[in-house]
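**Q** Give me a 3D structure for the following:
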Amino acid sequence: MSLLRRSLLLPALLAAAGLLGAAVSGEQNKLISRKAPSADASSTSARVIVKYRNNASVLSTGRATAQSVGSSTAAGPQLASTMGARLGFTLSDGRPISGNSQVLMASGMSSQVLADKLAADSDVEWAVVDQRRFALGTYTPNDPLYADNQTSTTPVAGQWYLRAPTTSIKSAIDVETAWATTQGSSSVVVAVLDTGIIKAHPDLSSKLVSGYDFISDSTVANDGGGRDSDPSDPGDWVTTAESASGTLQGCDVGDSSWHGTQTASLIGAATNNGVGMAGVAPNVMIMPVRVLGKCGGYDSDIQAGMRWAAGLSGTGVTAPTTPAKVINMSLGSSGSCSVAYQTVVSELTAAGVVVVAAAGNDGLAVGTPANCSGVVGVVGLRHSGTKVGFSDLGSAATIAAPAGNCVNSSGTCVYPIITATNTGTTSPSTNTYSDGSNYAVGTSFSAPLVSGTAALMMSANTSLTPGEVTSLLKSSATAFPGAETGVAACQTPSGTAQTSECYCTTSTCGAGMLNTGAAVNAAVALVAPTPVLTASATTVLPGETITLDASSSTSPSGRAIASYLWQITSGSSYAAFSGGTTSATTTLLASAAGTVTVQLTVTDSAGLSASTTKSFTVAAGKPTASFTASTTTPVVGATVTLDGSASKAATGASITGYLWDITSGTSLASFSGSATAATTTLSATAAGSVVVRLTVTDSNGYTSSSSQTLTVSASSSSSGSDASTTSTSSSSGGGGGAFSALWALGLLALTLLLGRKPRVQR
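**A** Purely as a prediction, here's the structure:
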């Protein structure tokens, strides 16, 4: 195996104290759109919009009365008391929104917690946080190095390459247009396969997920060992002595480059934090994967790092919790793509991972791995849109992006790329940024701009495939400026390096100049509409209907739902449409017991379609409530056993609930057993008629009731008018005791029967 030479680790940055000059004066945060107060995220004053199901029992028992809304009158639910009792905490009513939706409020919890609790209730169709929305404006971050007209050694143009292009700065990528749509999602991870990272850098410390060090050679690793879980960059300096012999013989002598920190910062530096620089995709996360050390890195380590970052098995290392969606490789060397690299790239593409690589810095043909099929190979541009002299080029290029250039032969560099870096010449020292004196240029810095753009695209449209990302990057690219006086056209690469500025063509520099704003908008344009299917009920009986409504379906901004299509995908023998199937609403008529699945397909004005399905139950019938009583004529003080276990559900369903109640004579009896079990007991407390009702609920949600009348009679008096209630009393003591007349008569009868004269002992 041969080491990749350090062709992309461009002129090492010189260490210097106080790299950043005086801070730029004046207000730089030009955000004109309002933002939610910071307290909203952890607020304990909850506001939730709740929609109750059309057949919700809570609506039938607690339908709100009309209330005044401005000059009009609106009726809707006001069920805070009822829902609060169910959930076990106090709710207050907000305004009703429709006949079955309203705002509910609570204190002592966040809006999301309240929404989750409400959504779990069987009578609630959905519950969402009642969020604030604001007028949208333009966005310029307050990072001090972003703006134009910088001072001191900081490049005067600042981060010129991120801003909108102008007549003089033609290759700028217009990131602010993209930021109006998205600044990225934290669920999108970009793996940076490089020298590792300085974790403590203030523009990166909050942006990292766990990474790995895949360098297997301890000398190259320079961190005291081989592969390990710490991707920190210990430095990649090479001394004259090291270059003269041993493992590093022939390697370029130089200070540590902090190359991985530089490339990572271009992708996802913390932005609008008033510190340092801005990144292309501020809200995505960075996964540092260390594959380069002293004098570069081995192909095997790089390919293992590629596969691990993508979450593929077989690397011998536990896969990352959240695999990368984009992999940035600002590394490479000359030569054609090997089958080893092509195999890995194909695996990553199949796994949905976008691979971006720098074209190279020799002025020759695009190198490996940028020239592999499926890789987005990035050529470097000057500020004016021409190819920067050192950049590789050729038909393998996918797209071109700013690489930095100085235009002047003396003094501070005018158009470099600002990156996060460190002043240490060997080991890490002070965290800082490159500037006009210690500048960064190279296709190593073109590639991260494309990787950050791909991450924004995948944040805006989570369904994008790697092929679609590449296609959209190309189709949205800005055309090259074309011929320029005194500048020759770029030529097909040969064995002779083209190290002078040349104007690009699509056959030499890719499809055009990266346009991040247009690429993100193109990604959004491929976002399919969102079909929303609501139904008046989910369970019906034969002969009943269900109203289906798709009017809440949505499409991305600037597009509208153009058509609807309703279809029964299974269970067509149990129901049929009794309304049209191409309107926003339709009606389903049930005919026989079974399960019916309906599919809704919506198509928007851009011709994009999406579908959703919903299943409905046609029940065989309602349950039958039936119960027996141990007696229907109890006396006061007696108990009656009530048994509802004979109740039956229709075919295909089961009894799931019992409810006993007294509908008449509530002052004459009460339940002494559970009122929600199949059997219970009733205690009679006063004479009169008591009507007991059993209501059963089946697994389809249907209910049925049955009632019986119990006649409670008064208890017998002590005179013996009711022999069944007469008690016998006795007392103990002496050699005898009192006895009743009945006992004496019985004894007399027995004596006569035996022919003996009775004797009563005294």
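
**Q** Please identify which helix or strand holds the nearest residue to V414 once chain neighbours are set aside.
**A** Once flanking residues are discounted, V414 sits nearest to V407: 5.1 Å by C-beta to C-beta, 6 or more residues apart in numbering. (Each C-beta comes from the backbone N, C-alpha and C, glycine too.) Counting by DSSP states H and E, there is no helix or strand that carries V407.

**Q** quick one: V407 from V487, how far?
**A** Relative to V487, V407 is positioned 13 Å away (C-beta to C-beta, to the nearest Å).

**Q** More neighbours: which of the two?
**A** Between V407 and V487, counted using other C-beta atoms under 10 Å, V487 has the larger neighbour count: 16 against 11.

**Q** which regions of the stretch 1-150 of the chain lie under the pLDDT threshold?
**A** Applying pLDDT under 70 to the stretch 1-150 of the chain flags residues 1-44, 61-75, 97, 131-150.

**Q** Mind checking the pLDDT average for the helix or strand harbouring Y564?
**A** When elements are assigned from DSSP H and E, Y564 belongs to strand 561-570. On average, the pLDDT along strand 561-570 is 96.

**Q** List the buried residues for that strand?
**A** Neighbour-count burial for strand 561-570, with 16 or more other C-beta atoms under 10 Å as criterion, is recorded at 561, 564, 566, 568.

**Q** Quick one: those as a markdown table, columns for distance to G296 too.
**A** A markdown table is the format used below for the buried residues of strand 561-570 (distance: C-beta to C-beta, whole Å):
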| residue | distance to G296 |
| --- | --- |
| I561 | 54 |
| Y564 | 58 |
| W566 | 60 |
| I568 | 62 |
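
**Q** Over to T349. Which of the three states is it?
**A** Following DSSP: H, G, I helix; E, B strand; the rest coil, we place T349 in the helix state.

**Q** In contact with it, which residues are there?
**A** 355, 374, 466-467 (C-beta atoms under 8 Å, 6 or more residues apart in numbering).

**Q** Give me the residues contacting stretch 588-598.
**A** Counting by C-beta under 8 Å, 6+ apart, 533, 540-546, 548, 566-578, 613-621, 650-652 sit against stretch 588-598.

**Q** S110 is in contact with R47, isn't it?
**A** No: when contacts are counted by C-beta atoms under 8 Å, S110 is not listed as touching R47 (10.1 Å).

**Q** Are we agreed that Q342 is in a strand?
**A** No: assessed with three-state DSSP, Q342 is helix; it does not lie in a strand.

**Q** Distance of it relative to M306?
**A** 12 Å.

**Q** and if you look at P155?
**A** Taking C-beta to C-beta, one finds P155 at 33 Å from M306.

**Q** ok, back up a step: between the buried residues of strand 561-570, which is nearest C337?
**A** Nearest to C337, judged by C-beta to C-beta, of these is I561 at 44.7 Å.

**Q** my read: that closest one touches G607, true?
**A** No: contact criterion C-beta under 8 Å: I561 and G607 do not qualify, at 11.9 Å.

**Q** how about the strands of the stretch 601-750 of the chain, start to end?
**A** With DSSP state E, counting those that start in this stretch as the criterion, the stretch 601-750 of the chain has strands at 609-618, 628-629, 639-643, 655-664, 669-671, 679-684, 688-698, 703-712.

**Q** Pipe those into TSV and attach mean pLDDT per row.
**A** Shown next, in TSV, are the strands of the stretch 601-750 of the chain (pLDDT from 0 to 100):
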stretch	mean pLDDT
strand 609-618	96
strand 628-629	97
strand 639-643	97
strand 655-664	96
strand 669-671	96
strand 679-684	96
strand 688-698	97
strand 703-712	96
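
**Q** Please produce JSON lines containing the ones you listed, extended by distance to H259 and mean neighbour count.
**A** Compiled in JSON lines, the strands of the stretch 601-750 of the chain are given as follows (distance: least, C-beta to C-beta, whole Å; neighbours: other C-beta atoms under 10 Å):
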{"stretch": "strand 609-618", "distance to H259": "43", "mean neighbour count": "17"}
{"stretch": "strand 628-629", "distance to H259": "85", "mean neighbour count": "14"}
{"stretch": "strand 639-643", "distance to H259": "81", "mean neighbour count": "17"}
{"stretch": "strand 655-664", "distance to H259": "65", "mean neighbour count": "16"}
{"stretch": "strand 669-671", "distance to H259": "78", "mean neighbour count": "17"}
{"stretch": "strand 679-684", "distance to H259": "77", "mean neighbour count": "19"}
{"stretch": "strand 688-698", "distance to H259": "68", "mean neighbour count": "20"}
{"stretch": "strand 703-712", "distance to H259": "71", "mean neighbour count": "17"}
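
**Q** Looking at those, spot the one closest to S338.
**A** strand 609-618 (40.7 Å).

**Q** Could you list the paired strands of the closest one along with their orientation?
**A** If you go by DSSP bridges, strand 609-618 pairs up with strand 539-540 (parallel), strand 594-604 (antiparallel).

**Q** so how far is the last one off the chain centroid?
**A** What it means is strand 594-604. 25 Å (C-alpha atoms, centre = their mean, to the nearest Å).

**Q** what about it, average pLDDT?
**A** Per-residue scores along strand 594-604 average to 96.

**Q** now L104: how far from L79?
**A** Distance from L104 to L79, by C-beta to C-beta: 8 Å.

**Q** which residues do those two both contact?
**A** What both L104 and L79 touch, as defined by C-beta under 8 Å, 6+ apart, is the set D93.
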